[in-house]
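J.: Got a predicted structure plus its sequence, pasted below:
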Amino acid sequence: MEGAGVFLLAAALIFSVVILGVVWTIQRKIRNLSRMAFGTDSLLEGLKQQEEEFARTPKSVAGMTSLYLPRIQKDFPEFSLEEFIARSENLLTKALMSVQNQKIVLGEGASGELEESLRLWIKRDEEQGIREMFHSIVIHKTEISQYAGSSAGCSVTVQSAVEYQYGRQKRDGQMMEEPELIQTRFDLKWVYAQDVEGLPESVRARAAHCPNCGAPVSVLSARVCEYCQAAIEPINLRAWFLINIREC
C-alpha cells in the first residue's frame, strides 16, 4: 500500500508539473502574441488599449466629392463647396444641440421636414423621461457622398464623421450612464427649391422681385430680368434646404 501511495503521489507531482508547464507555455505564447499585436505583455490591457484607440479614431466617410463636385458646379455655377460644407456642419451641430436642449434652434437652410423630425425625436425622449447629451462635438470631415440632378429636382447628400461625448440624463438631472466617447457618421440630405414658390417667406421676399425694376422673378436660376434685362444676383446657395439628418 505504501508503494502504491508513493506511486500516486509521484504521478500527481508529475501531472502537476506537466500542467504547470502547459500553462506556462500557453501564458508565454499569449504574452508573445500580445507583445506583437499590442506592444504589452497583458492581452486584456492590449484589448482595452485597442478599444480606447478605436473610440478615438474617426469614422471614414464616403468621399465622392471629386466625382460629384464638377457636375454640381456645372448645374450651379455659383455653388461654393466650402460654404456648403460649413452650412452642413453648422446645422448638424445645431440639430444635435436642439435634441440635447429639447428646444429646436436651427437657422437658415433648415426645412420644415427637418424640424418636424427633430420635434419627434425630442418628443420620444420626453416620453421616455430622458435627455440625450452631446458634449464636445467635433466634426472631423465632411464629404459629398451623393448627387442627383434632373428636371424633376436636385439633391446633394453629404456625409460627416462626428465625435462627441454621449450620455443620458433623467428628468431630475441625474446621469443614467457616464458620458462615452462616440465616433459615428451622419448623412445630411439637401434639396434644391426649383422656384420661389418652394422657398420660405424670408428667402422668397429676396428672390421674388427684380432689384432694378421690381418686376416679379419666378425662377431662381434666372440671371437676367426678363422685363428690364438687369442682372439678377443668383441666390442658388440660399435655395438649398436640409431635409434630413440620419446617423449611419
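T.: Thanks, I have it. Nothing here was measured: the structure is a model prediction, and the numbers come from that model. Numbers count the residues shown, from 1 in each chain.
J.: What is the burial count for V224?
T.: When neighbours are counted by other Cβ atoms under 10 Å, V224 registers 12. C-beta: built from backbone N, CA, C; applies to glycine.
J.: Does it touch A230 like I think?
T.: Yes - between V224 and A230 there is a contact under Cβ atoms under 8 Å: 7.1 Å.
J.: Wasn't R131 part of a helix?
T.: No - counting by DSSP: H, G, I helix; E, B strand; the rest coil, R131 is not found in a helix; it is strand.
J.: Tell me what the closest residue to it other than its chain neighbours is bridged to.
T.: Among residues not flanking R131 along the chain, Q169 sits closest, at 4.4 Å (Cβ to Cβ, 6 or more residues apart in numbering). Taking DSSP bridges as the rule, Q169 bridges to R131, M175.
J.: so Q169 makes contact with M175?
T.: Yes - between Q169 and M175 there is a contact under Cβ under 8 Å: 5.7 Å.
J.: More neighbours: those two, which one.
T.: Applying other Cβ under 10 Å to Q169 and M175 shows that Q169 carries more neighbours, namely 17 against 11.
J.: any idea how far the more buried one lies from I182?
T.: Per Cβ to Cβ, to the nearest Å, Q169 is found 16 Å from I182.
J.: again with R119
T.: Relative to I182, R119 is positioned 23 Å away (Cβ to Cβ).
J.: out of those two, which sits in the more crowded spot?
T.: More crowded of R119 and I182, by other Cβ under 10 Å: I182, with 15 against 12.
J.: Spatially nearest residue to the more buried one, not counting backbone neighbours?
T.: Of all residues not flanking I182 in the chain, Y166 sits nearest, at 4.5 Å (Cβ to Cβ, 6+ apart).
J.: can you give me the strands in this protein?
T.: Secondary structure of the chain (DSSP state E): strands at 130-150, 153-170, 175-192, 240-247.
J.: Between those, which one is closest to L20.
T.: Among these, the nearest to L20 by Cβ to Cβ is strand 175-192 (40.8 Å).
J.: Now do that closest one against strand 153-170, angle only.
T.: Computed by axes from the mean of the first three to the mean of the last three Cα atoms, to 10 degrees, the angle separating strand 175-192 from strand 153-170 equals 170 degrees.
J.: in strand 175-192, what counts as buried?
T.: For strand 175-192, burial by neighbour count (16 or more other Cβ atoms under 10 Å) applies to 183, 185-192.
J.: Tabulate these (CSV), appending pLDDT and distance to I104.
T.: What follows is the buried residues of strand 175-192, written out as CSV (pLDDT from 0 to 100; distance: Cβ to Cβ, whole Å):
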residue, pLDDT, distance to I104
Q183, 96, 26
R185, 97, 23
F186, 97, 17
D187, 97, 20
L188, 97, 16
K189, 95, 18
W190, 94, 18
V191, 91, 19
Y192, 86, 23
